[in-house]
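Visitor: here are the coordinates; sequence isn't available:
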């Protein structure tokens with residue numbers, strides 16, 4: 001993941017956490033205040049409705065008091081005012097008074113007059129407050145006769161809930177005995193109250209308010225029971241307050257969050273721009289430069305920006321490191337060149353030494369032949385034959401000796417010529433080694449088709465003159481591989497010489513080398529040729545098998561540096577093959593397997 005992406009994700013994460021915390025804080029700190037305001041508004045709405053009803057009760061009570069404590073009403077109740085009803089209890093007078101019912105009760109609770117009107121139509125509709133002369137609420141209306149008190153209450157009728165005001169009927173100066181009770185009633189105009197209070201409410205029968213009393217997400221409900229004359233509930237006042245305040249709070253919170261998010265986005269953009277200018281673009285420049293260095297290997301320094309921060313110090317450190325690495329690389333190149341030249345020279349000397357070993361043996365044999373006395377004896381015999389006094393029997397024996405010596409010399413001379421030709425072949429092999437070394441130092445080797453049977457045969461000549469070694473060839477006819485001929489010849493020669501030396505170091509001092517070839521297929525499906533060289537010599541310790549091809553490692557104890565097998569492994573690898581070794585342990589012999597790509601002809605046949 002890129003650094004810019006990580007920084008952006010970190011900033012977005014910070015903003016997201018901040019948004020969640022702000023939202024939670026607003027919900028926990030602000031919304032309760034809005035909810036409290038909404039609860040208060042609901043209580044106030046309920047109170048306004050109750051106050052409006054109480055105001056109507058007060059108004060009706062005042063009117064009832066005015067008519068009840070009046071001489072005309074008192075005289076009417078005493079039977080002395082016959083025209084009272086026609087003057088005062090008419091539709092026009094009651095409408096002007098603002099009531100719907102006019103009821104007069106005597107002290108015993110008997111209805112003297114019960115008259116009322118429903119307004120709203122073309123003609124007022126007559127009404128009666130009580131359906132019978134008997135009044136079930138006598139105690140409430142006419143009780144406590146000694147009290148002179150104007151009161152009001154609520155009643156439920158077939159027309160709905162009404163407000164009643166009642167007072168004792170007395171003279172205007174409040175003298176005389178109580179003549180009865182005057183009751184005025186007004187049907188509650190719910191629409192007028194709703195208009196005046198701007199509150200949505202209903203008056204329900206007692207018990208009917210429970211299903212609608214619960215508040216919900218849209219509104220808050222308040223329920224109060226309205227008591228009647230006898231103290232029991234005549235109606236349930238249910239007011240409904242819309243949750244406008246919490247809705248405003250919710251909108252306020254979301255608006256605030258949108259503003260915060262907008263500010264956060266602007267802040268992110270600003271931070272991203274600043275970070276890119278301060279750090280990211282410079283880091284990308286450094287990364288691009290490092291990629292260029294990695295791809296080209298050219299340790300070029302970066303231009304310093306001089307801003308004096310950590311990145312500038314990083315650039316300075318990189319430039320110092322680049323300079324040091326450039327110096328170290330030049331030094332390593334010189335050392336590598338020197339080591340490579342030394343290794344090449346050591347390998348060359350090792351291969352030349354191996355090639356010189358059989359030449360030295362031939363030269364020693366030739367020198368031994370020259371020291372023989374056959375020629376001296378032959379010369380003496382010839383001198384004796386020149387003596388005229390030589391007896392015939394002696395002369396015949398000398399002639400026979402000369403003939404045998406001449407035949408022996410001819411045979412030795414023929415053998416000497418063969419040895420000289422072998423020596424010439426070996427010297428040419430050394431010359432090929434030197435030429436190959438010179439060419440490989442100047443040009444890249446070209447892969448060629450190699451007759452593996454011939455290369456093995458040439459290498460066998462290097463060890464076949466050792467009297468302690470017997471070489472057996474099996475399945476080496478007509479096999480060709482792709483590689484570099486001279487290095488391959490040297491590798492095979494090295495392995496054979498090592499095998500011969502391992503036999504000579506074994507307790508028996510004699511042994512066999514078996515050479516065999518087989519066709520194989522690589523893991524990639526390419527045709528290969530495997531050359532196995534087995535000996536029954538001293539063998540290799542199991543712990544040394546993994547190190548046998550390491551530079552400088554050798555199982556020999558004669559001071560040799562172990563360059564031969566290391567060089568062989570590199571040479572075979574350069575041909576696209578590999579060389580492996582296997583041994584069951586000390587005294588159990590060794591097997592080297594040289595795996596090489598098959599020649600194109602063999603690949604096509606495969």
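Guide: Ah, there it is. Since we're looking at a predicted model, the values are computed, not measured.
Visitor: pLDDT weak spots in the stretch 351-500 of the chain?
Guide: 351, 354-355, 357, 361-362, 364-374, 436-445, 475-476, 478 (pLDDT under 70).
Visitor: let's see 90
Guide: 351-480, 482-487, 489-490, 493-494, 497 (pLDDT under 90).
Visitor: For it, just list every one of the helices.
Guide: With DSSP state H, counting those that start in this stretch, the ranges of helices along the stretch 351-500 of the chain come out as 374-385, 392-442, 452-460, 485-505.
Visitor: Name the stretch among these that sits most buried.
Guide: Neighbour counts (mean count of other CB atoms under 10 Å) averaged over each of the helices of the stretch 351-500 of the chain peak at helix 485-505, with a mean of 23. For the C-beta atoms, the positions are set from N, CA and C on the backbone; glycine is no exception.
Visitor: and after that helix, which helix or strand comes next?
Guide: strand 511-521 (DSSP states H and E).
Visitor: Report the rounded mean pLDDT for that following strand.
Guide: The average pLDDT within strand 511-521 is 90.
Visitor: Compare the helices of the stretch 351-500 of the chain and report which one is nearest to residue 324.
Guide: Smallest distance to residue 324 across the helices of the stretch 351-500 of the chain (CB to CB): 31.2 Å, for helix 392-442.
Visitor: Quick one: distance of the closest one to the chain centre.
Guide: 80 Å (CA atoms, centre = their mean, to the nearest Å).
Visitor: With stretch 116-133 instead?
Guide: On CA atoms, centre = their mean, the centre of stretch 116-133 falls 85 Å from the chain's centre.
Visitor: circling back to that earlier point, mind putting the helices of the stretch 351-500 of the chain into TSV with distance to residue 281?
Guide: What follows is the helices of the stretch 351-500 of the chain, written out as TSV (distance: least, CB to CB, whole Å):
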stretch	distance to residue 281
helix 374-385	96
helix 392-442	49
helix 452-460	62
helix 485-505	54
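Visitor: can you list the weak-confidence ranges in the stretch 501-606 of the chain?
Guide: In the stretch 501-606 of the chain, residues with pLDDT under 90: 501, 504-510, 518-526, 541-571, 574-576, 584-585, 587-588, 598-606.
Visitor: just the helices in it please.
Guide: According to DSSP H, counting those that start in this stretch, the helices that the stretch 501-606 of the chain contains are 563-574, 600-605.
Visitor: Could you report the neighbour count for residue 271?
Guide: 15 (other CB atoms under 10 Å).
Visitor: Mind telling me what element the residue nearest to it when sequence neighbours are not counted is part of?
Guide: Leaving aside its chain neighbours, residue 271 sits nearest to residue 11 (6.0 Å; criterion: CB to CB, 6 or more residues apart in numbering). Here residue 11 sits within helix 3-29, counting by DSSP H and E.
Visitor: What is the subsequent helix or strand relative to that helix?
Guide: Immediately after helix 3-29, counting by DSSP H and E, sits helix 31-68.
Visitor: Packing partners of that following helix?
Guide: Counting contacts by 3 or more CB pairs under 8 Å, 6 or more residues apart in numbering; DSSP states H and E, helix 31-68 is packed against strand 151-157, strand 160-168, strand 181-187, helix 190-197, strand 200-204, strand 219-227, strand 233-242, helix 244-275.
Visitor: ok so, going back, count of neighbours near the residue nearest to residue 271?
Guide: A count of neighbours around residue 11, defined by other CB under 10 Å, yields 17.
Visitor: And the pLDDT for it?
Guide: pLDDT for residue 11: 78.
Visitor: right, and it touches residue 268 too?
Guide: Yes: if you go by CB atoms under 8 Å, residue 11 and residue 268 touch, sitting 5.3 Å apart.
Visitor: and the helices and strands packed on helix 31-68, which is most packed in?
Guide: Of all the helices and strands packed on helix 31-68, as judged by average neighbours under mean count of other CB under 10 Å, the leader is strand 181-187 with a mean of 26.
Visitor: Could you tell me the angle between it and strand 160-168?
Guide: Per axes from the mean of the first three to the mean of the last three CA atoms, to 10 degrees, the angle that strand 181-187 makes with strand 160-168 is 160 degrees.
Visitor: same for strand 181-187, what does it pack against?
Guide: Secondary-structure packing of strand 181-187 (3+ CB pairs under 8 Å, 6+ apart): helix 31-68, strand 101-105, helix 138-142, strand 160-168.
Visitor: Looking at these, spot the one closest to residue 505.
Guide: With CB to CB as the criterion, residue 505 lies closest to helix 31-68 of the helices and strands packed on strand 181-187, at 97.3 Å.
Visitor: What residues sit buried inside that closest one?
Guide: 34, 38-39, 41-42, 44-46, 48-50, 52-53, 56-57, 59-61, 63-68 (16 or more other CB atoms under 10 Å).
Visitor: mean pLDDT for the helices and strands packed on helix 31-68: which is lowest?
Guide: helix 244-275 (a mean of 85).
Visitor: ok so, going back, I'd like the helices and strands packed on helix 31-68 as CSV, with distance to residue 21 appended.
Guide: Listed next are those as CSV, based on distance: least, CB to CB, whole Å:
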stretch, distance to residue 21
strand 151-157, 53
strand 160-168, 53
strand 181-187, 58
helix 190-197, 42
strand 200-204, 39
strand 219-227, 30
strand 233-242, 31
helix 244-275, 11
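Visitor: who wins for proximity to residue 314 among these?
Guide: Closest approach to residue 314 among those (CB to CB): helix 244-275, 16.3 Å.
Visitor: if we can go back for a sec, lowest mean pLDDT across the helices and strands packed on strand 181-187, which one is that?
Guide: With a mean of 65, helix 138-142 has the lowest mean pLDDT of those.
Visitor: dump the residue contacts of the residue nearest to residue 39 when sequence neighbours are not counted.
Guide: Spatial nearest neighbour of residue 39, chain neighbours left out: residue 220 (7.0 Å); criterion: CB to CB, 6+ apart. Residues near residue 220 by CB atoms under 8 Å, 6 or more residues apart in numbering: 38, 39, 41, 42, 240, 241, 242, 243.
Visitor: for the residue of the chain positioned farthest from its centre, phi and psi?
Guide: Largest separation from the mean C-alpha position in the chain: residue 389, at 118.1 Å (CA atoms, centre = their mean). Main-chain dihedrals, residue 389, degrees, to the nearest 10: phi -90, psi 10.
Visitor: residues contacting the residue nearest to residue 271?
Guide: Taking CB under 8 Å, 6+ apart, one finds 268, 271, 272 in contact with residue 11.
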